[in-house]
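**Student:** Can you look at this prediction? I've put the sequence above it.
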Amino acid sequence: MSDSREYDVIIWGASSFTGRLVAEFYLSTYGLNGELKWAMAGRNQAKLEEVRAGLNDGQGTNDIPILIADSHDEASLKDLVSKTKVICTTVGPYALYGNELVAACVEAGTDYCDLAGETQWIRRMIDQHHERAQETGARIIHCCGFDSIPSDLGTYFVQNKVKELKGEYAKAIKVRVKSMKGGASGGTIASINNVLAEVADDKELFKLLNNPYTLNPRDEMGGDDKRDLQSVKYDDDAKSFLMPFVMAAINTRVVRRSHALAGFPYGKDFTYDEAMLTGDGFSGRLKAITGLVGLGAMLGGKPGGFYKKITAKFLPAPGEGPSKAEREAGFWKYLVIAKMRDGSIVKGFVSGDRDPGYGSTSKMLGEAAACLALDKDKTAKVAGMHTPSTAMGDVLIERLISKAGLQFEIHS
C-alpha cells in the first residue's frame, strides 16, 4: 500500500450513531489536517453534512471531507478504499453490509478495522480472504470495540506481565466482568439477532458456532476449552457466583485465534473463558439466576417471530444510543485471573471510562484505526486476517491508555 494516499483513515458509516462518535473523537483528539488526516464517508450526502454540522459541540465545521459510496456498489467501494490507508467501519450487521467492503480493502491492500461481533461472518471472511490479504498487504482486523479489545488485549497484557513476574505464562486465563454501567448497543443486538437468524436455518453453522475454536485456523480448531458458560456457577478464584456473558461468544474465540496466530506461546493446553460476576452469598446467586433469566428473555424466541417483535420494543435499535451525559457516566471493568500451572493466581484488570457500547467502543475503534495508519512500522508486518493483539499489541495498548480512557493493571 502506498504511503501517498490522500487520507490516513476514512470513517465508513459516519452518519450512524457510533460513526458520529468516532468522528467526534477524532475531531477533539486529532483536529483536522494534523497528525491524522481523516474523512467521513457513507451513502447519504445530506446525512453526512448534518453530522458534520453538529460536530464541535454543535458549532460545526465545513472542513471535514465527505465521500460517498454504497455498501453493495463494488465500483464505488473500490474508489473509496483506494483513497485511504485505513477503512474504519461502523456499518453493521456486517454479514449484511460488510462483504464487498472487506473484499475491496483486500484487493487494494488497504487496512481495515470494524466492530463486528458476528462469528459466522468473520469465519467466512477468514476463509475467503486471509491468503489474498497476505499477498496484497492488507491487514483486516475485526472486533475492535468492546467486543473484543478488552478481552484480547487484556489477555495479551496480563500474560506478558505474568511471564515477566513468574518466568512462564499462565496455563489458564479467566476474564470476569466485574462492573459495568451502560447497555449493549442497538447495532450489537441487531448483529446478535442476525447470527441467530442464520443459525436457525443452518444446522452445520450451528455446529460450527458451538465449537470453542470457531475462528482458529482450520487445521487448529481443537483444544481443551469447553462451551461458554450456559448456567449459574460459583468461581472460587473470584469468590463470586457467575452468570453467562453475552459477549463471550465472540470474545473467547478472538482470544483463541490470537493464541493460535501467535504460535501457541501459552501452550497447546491453554484454556480461556469469560463470565459475569454477580457477587457472593445468597444475593449473588439470586442476581446470577435473575440475570440468566433476563439473558434468555433477550435472546430467546424464533427469529422474526411474535416474541422477538415484542422484546425488540424494549431494546435499543440500530442508530439509537444514550445521551452524552449518559455515555460519560458509564464505565466498565474486567477482572483478569491468570492461573499458573502450580495453582497460584495473578490478577489483572482492564477498565474503561465510558459506557461500553458507545462511548468506550467508539474510542477503541478510533484508536485501532489510528494505530494501523500511523504506527505501521511498530505493528504487525505480516498481513492477513489478524486480531487486535496480533496486529497491534503493545502499541495499541499505549494508545488506548493515553487517548481512549482505558487502564491496564496487574496485581502480583
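**Tutor:** Ah, there it is.
**Student:** which sections of the stretch 151-300 of the chain are below the confidence cut-off?
**Tutor:** The model of the stretch 151-300 of the chain has pLDDT under 70 over residues 183-189, 299-300.
**Student:** go again using 90 as the cut-off
**Tutor:** 182-209, 294-300 (pLDDT under 90).
**Student:** Burial check on D269, number of neighbours?
**Tutor:** 12 (other Cβ atoms under 10 Å). Placement of C-beta: from N, CA and C, glycine included.
**Student:** That one - that's part of a helix, no?
**Tutor:** No: judged by DSSP: H, G, I helix; E, B strand; the rest coil, D269 forms no part of a helix; its state is coil.
**Student:** Identify the residue nearest it in space, chain neighbours excluded?
**Tutor:** Using Cβ to Cβ, 6 or more residues apart in numbering and skipping residues adjacent in sequence, the residue nearest D269 is D224, 5.4 Å away.
**Student:** same question, F331
**Tutor:** K181 (5.3 Å).
**Student:** ok so, going back, verify the stated contact: the residue nearest to D269 with T271.
**Tutor:** Yes: using Cβ atoms under 8 Å, D224 makes contact with T271 at a distance of 5.2 Å.
**Student:** about what we covered before: tell me the SS of the residue nearest to D269?
**Tutor:** coil.
**Student:** Compare D224 and T271 (neighbour count), which wins?
**Tutor:** T271 (19 against 13).
**Student:** Test of understanding: give the bridge partners of that one.
**Tutor:** Beta-bridge pairing for T271 (DSSP bridges): A172.
**Student:** Also the one 4 residues further on?
**Tutor:** Partner residues in beta bridges with A275: R176, with DSSP bridges as the criterion.
**Student:** follow-up on the earlier one: for S360, see how far away the residue nearest to F331 is.
**Tutor:** 11 Å (Cβ to Cβ, to the nearest Å).
**Student:** the more surrounded of the two?
**Tutor:** S360 (27 against 13).
**Student:** and that one, what does it touch?
**Tutor:** Neighbour list for S360: F146, G330, W332, G352, D353, R354, A404, G405, L406 [criterion: Cβ atoms under 8 Å, 6 or more residues apart in numbering].
**Student:** Buried subset of those as a ChimeraX selection?
**Tutor:** A single ChimeraX command selects the buried members of the contacts of S360 (16 or more other Cβ atoms under 10 Å):
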select :146,330,332,352,354,404,405,406
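**Student:** and the contacts of S360 as TSV, adding pLDDT and secondary structure?
**Tutor:** Listed next are those as TSV, based on pLDDT from 0 to 100; DSSP: H, G, I helix; E, B strand; the rest coil:
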residue	pLDDT	secondary structure
F146	95	coil
G330	95	coil
W332	97	strand
G352	98	strand
D353	97	coil
R354	96	coil
A404	98	coil
G405	98	coil
L406	98	strand
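**Student:** how about the contacts of S360 in TSV, adding distance to D79?
**Tutor:** Formatted as TSV, the contacts of S360 follow (distance: Cβ to Cβ, whole Å):
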residue	distance to D79
F146	32
G330	38
W332	38
G352	36
D353	38
R354	34
A404	31
G405	35
L406	35
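**Student:** buried sites along the helix or strand containing E326?
**Tutor:** Using DSSP states H and E, E326 falls within helix 324-329. The neighbour-count check on helix 324-329 (16+ other Cβ under 10 Å) flags E326, R327 as buried.
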